[in-house]
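Asker: Provided below are the primary sequence and the corresponding predicted coordinates.
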Amino acid sequence: MLRRPNTAAAQYRGAPKYQRAPMTDASIQSRHGITARALLLGDRIDTIGLERNDVLSTQPLAFRTGNGGIVVLFRFGVAVLIGMSALEEDEVIRQLAGRITRPSKRREEESTRIEIASDRDEQILPGGAITLKSLTNEHALLIANVLATSVVLAHDERNVAAVFDVIEPLARELAEHGRRPGGRRAILKHIGNALLVQQRVSGLVAVAEKPDVLWERPDLERLYARLEDEYELKERADVLTRKLTVISETAKALADIIDTERSLRLEAIIVILILVEICFTVYQLVRFGSAH
């Protein structure tokens, strides 16, 4: 049996991570379809100071805008905007600019269409659109969590692929010629890139953990399972984990090669110094003997 994780919002004492604010919003429910868009804005979003009494959730921070849209902010750098126009999205992003750590040079994006139809069951249509009877706060948080995870996975997949493009020629050079290619500084740079990708993927997004909203609404488990399957979250995370293992082992192998080469150079220097000392001693003996 699953237990609720002990991750209460220590930073928001007295406020639960998930709050039951008004369940629906007329401006959203009246539309036949709306767009949910996840944007990877940077490495981190500072949400401190944005808390309000009417928030939908504190982790992640979620609130409604004046026009009825929903903003969900994840600390690992993703903002999910639901039911907003392009101009409204741009305004939210502009207001967040000062809170973003290391803004992304290439902004990753994941979006979907939410169709609201009271006479249809909750399902994922072949084109990827999500059909709901109504868009409640819980539905919005669930969809936002899936989109945020997917957009970060897409970003990490690109980074991992870039590292693979770099280490593949290195491995080929070792296999074909038996020597380390490039200079020591270049190798260390490759190792650093590999470690950065590994830290990003393994440290910021816990794909295996279920969204907190499911502990309040277990009836949404089926919808979450469908979304998780639609975006292949677990499969993509598993592939990334295996690739990271290869990257980690390659980085370790390159580091070992560098250490070995350094040790050999030190040993060679020591041998040379010993030989010089011997030669100098012999010279001194010969010179002393000839003098007497």
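Answerer: Good, I have the coordinates. Numbering: from 1, shown residues only.
Asker: hey, let's count contacts and neighbours off CA atoms from now on
Answerer: Noted.
Asker: helices along this protein, start to end?
Answerer: Per DSSP state H, the chain carries helices over the ranges 26-29, 86-96, 137-177, 184-204, 213-216, 221-230, 233-291.
Asker: any idea of the mean pLDDT for stretch 113-126?
Answerer: For stretch 113-126, the mean per-residue pLDDT is 88.
Asker: export it as CSV, just CAs?
Answerer: Taking C-alpha atoms only, stretch 113-126 is exported to CSV below (Å, rounded to 0.1, in the frame of the first residue of the first chain):
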residue,chain,number,x,y,z
ARG,A,113,-5.2,20.7,-26.3
ILE,A,114,-7.8,20.2,-23.5
GLU,A,115,-11.3,19.6,-24.8
ILE,A,116,-14.1,20.1,-22.3
ALA,A,117,-17.2,18.1,-23.0
SER,A,118,-19.6,17.1,-20.2
ASP,A,119,-21.1,14.3,-22.2
ARG,A,120,-17.7,12.4,-22.8
ASP,A,121,-15.5,10.3,-20.7
GLU,A,122,-12.0,11.4,-19.6
GLN,A,123,-9.6,10.1,-22.3
ILE,A,124,-6.6,10.9,-24.5
LEU,A,125,-7.6,11.3,-28.1
PRO,A,126,-5.4,9.9,-30.9
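Asker: contact partners of it?
Answerer: 29, 31-36, 128-135, 223, 226-227, 230 (Cα atoms under 8 Å, 6 or more residues apart in numbering).
Asker: so where's this protein uncertain?
Answerer: 1-32, 174-175, 177-191, 193-194, 197-208, 259, 261, 289, 291-292 (pLDDT under 70).
Asker: okay, now the domains of it?
Answerer: As recorded under automatic domain parsing, the domains making up the chain are 12-145, 154-281.
Asker: may I have the residues that are in contact with Lys252?
Answerer: Going by Cα under 8 Å, 6+ apart, Lys252 touches no other residue.
Asker: and the closest residue to Leu39 other than its chain neighbours, how many neighbours?
Answerer: With Cα to Cα, 6 or more residues apart in numbering as the criterion, Leu39 has its nearest non-adjacent residue at 4.7 Å, and that residue is Glu109. Neighbourhood size, Glu109 [other Cα atoms under 10 Å]: 20.
Asker: in strands only, show me the contacts of stretch 113-126.
Answerer: Cross-referencing these against strands under DSSP state E gives 33-36, 130-132.
Asker: longest strand of this protein, counting residues only.
Answerer: strand 100-116.
Asker: buried sites along that strand?
Answerer: 100, 103, 108-116 (16 or more other Cα atoms under 10 Å).
Asker: before we move on, what about stretch 68-85?
Answerer: If you call a residue buried by 16+ other Cα under 10 Å, then stretch 68-85 has these buried ones: 68-84.
Asker: quick one: terminal-to-terminal distance for it?
Answerer: Taking Cα to Cα, to the nearest Å as the measure, stretch 68-85 stretches 11 Å from start to finish.
Asker: the residue nearest to Leu39 against Ala36, yeah?
Answerer: No: between Glu109 and Ala36 there is no contact under Cα atoms under 8 Å: 10.6 Å.
Asker: wait, Val152 sits on Ala38?
Answerer: No: using Cα under 8 Å, Val152 is not in contact with Ala38, being 9.4 Å away.
Asker: now for those two: what residues contact both?
Answerer: Contacts common to Val152 and Ala38, judged by Cα under 8 Å, 6+ apart, are Val78.
Asker: looking at those two, which is more packed in?
Answerer: Ranked by neighbour count (other Cα under 10 Å), Val152 and Ala38 place Ala38 first, with 28 against 24.
Asker: okay, and the beta partners of the more buried one?
Answerer: Val80, Glu110 (DSSP bridges).
Asker: angles on the backbone of Asp54, please.
Answerer: Backbone torsions for Asp54, taken as degrees, to the nearest 10, come to phi -100, psi 20.
Asker: wait, isn't it in contact with Phe63?
Answerer: Yes: shown here, Asp54 and Phe63 form a contact pair, counting by Cα under 8 Å, at 7.1 Å.
Asker: in terms of neighbours, single out the busier of those two.
Answerer: Counted by other Cα under 10 Å, Asp54 and Phe63 do not tie: Phe63 has more neighbours, with 23 against 13.
Asker: having no further points to raise, I will conclude here.
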